[in-house]
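Colleague: here's my sequence, what's the structure:
(one chain, ligands or ions: 2)
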Amino acid sequence: MNLDTFDTTIQSLVSAAVKAKDKAYCPYSNFRVGASVLCADGSIVTGVNVENASYGMSVCAERVAIWNAVAQGHTDFKGAAISCDIKGDFKGSCGACRQVFAEFNEEMPLYLVKPDMTVKVVTVAELLPMAFTPKCLQEERI
Ligand SMILES: O=c1ccn([C@H]2C[C@H](O)[C@@H](CO)O2)c(=O)[nH]1
Ligand SMILES: [Zn+2]
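Modeller: Ligands and ions are numbered 1, 2, ... in the order given. A predicted model of the protein is given here:
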């Protein structure tokens with residue numbers, strides 16, 4: 001979908017993810033990712049992937065965005081946008097990030113953004129069916 005299909009809030013969310021990508025710290029993969037989350041009060045918080053010489057310590061843009069937002073007092077998320085430089089088919093977030101999104105809102109729309117600024121919308125539930133969420137811990141147990 002074209003960006004002008006969306007309302008101005010989502011356009012801002014998408015633009016924030018694309019702009020954030022410039023700050024990605026990815027000297028090992030050279031794979032830049034920018035993410036943004038839309039909070040219930042309308043604020044937008046961004047993240048980038050942050051890599052490390054100890055490769056396994058690297059973290060994705062999506063989780064940095066969520067963690068930044070939580071650190072700023074937000075836990076009610078209405079959507080997230082993710083921008084990377086892949087020109088081909090849209091790519092969904094990694095499994096770890098899907099799980100972190102599901103913690104807060106399984107129905108949350110994710111706006112996947114390609115370099116030509118076309119957007120695909122998928123929900124967290126579509127990317128991570130049967131997620132283990134906080135509700136699961138309230139289920140009756142033996
Ligand atoms: O959805 C994704 C997939 C990968 N990465 C990062 C992790 C690593 O820094 C680089 C290559 O995997 O891209 C993200 O930030 N988000
Ligand atoms: Zn990830």
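Colleague: distance of the spatially most central residue of the chain relative to residue 76?
Modeller: With distances taken as C-alpha atoms, centre = their mean, residue 62 lies nearest the centre of the chain, 3.8 Å away. Using C-beta to C-beta, to the nearest Å, we find residue 62 at a distance of 17 Å from residue 76. From N, CA and C alone the C-beta is placed, and that goes for glycine too.
Colleague: in the lengthiest helix in the chain, which residues are buried?
Modeller: Longest helix in the chain by number of residues (criterion: DSSP state H): helix 8-20. Buried residues in helix 8-20, defined by neighbour count with 16 or more other C-beta atoms under 10 Å: 10, 11, 12, 13, 14, 15, 16, 17, 18, 20.
Colleague: then it to CSV, C-alphas only?
Modeller: The C-alpha coordinates for helix 8-20 follow below in CSV (Å, rounded to 0.1, in the frame of the first residue of the first chain):
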residue,chain,number,x,y,z
THR,A,8,-1.4,11.3,9.2
THR,A,9,-0.7,9.5,12.5
ILE,A,10,0.4,6.3,10.7
GLN,A,11,2.3,8.4,8.1
SER,A,12,4.2,9.9,11.0
LEU,A,13,4.8,6.5,12.6
VAL,A,14,6.2,5.2,9.3
SER,A,15,8.3,8.3,8.7
ALA,A,16,9.7,8.0,12.2
ALA,A,17,10.9,4.4,11.6
VAL,A,18,12.5,5.3,8.3
LYS,A,19,14.3,8.3,9.9
ALA,A,20,15.4,6.3,12.9
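Colleague: run the chain-centre distance for that helix.
Modeller: The chain centroid and the centroid of helix 8-20 are separated by 12 Å under C-alpha atoms, centre = their mean, to the nearest Å.
Colleague: next structured bit after that helix?
Modeller: Next along the chain after helix 8-20, taking DSSP states H and E as the criterion, comes strand 33-39.
Colleague: thanks a lot, see you next time.
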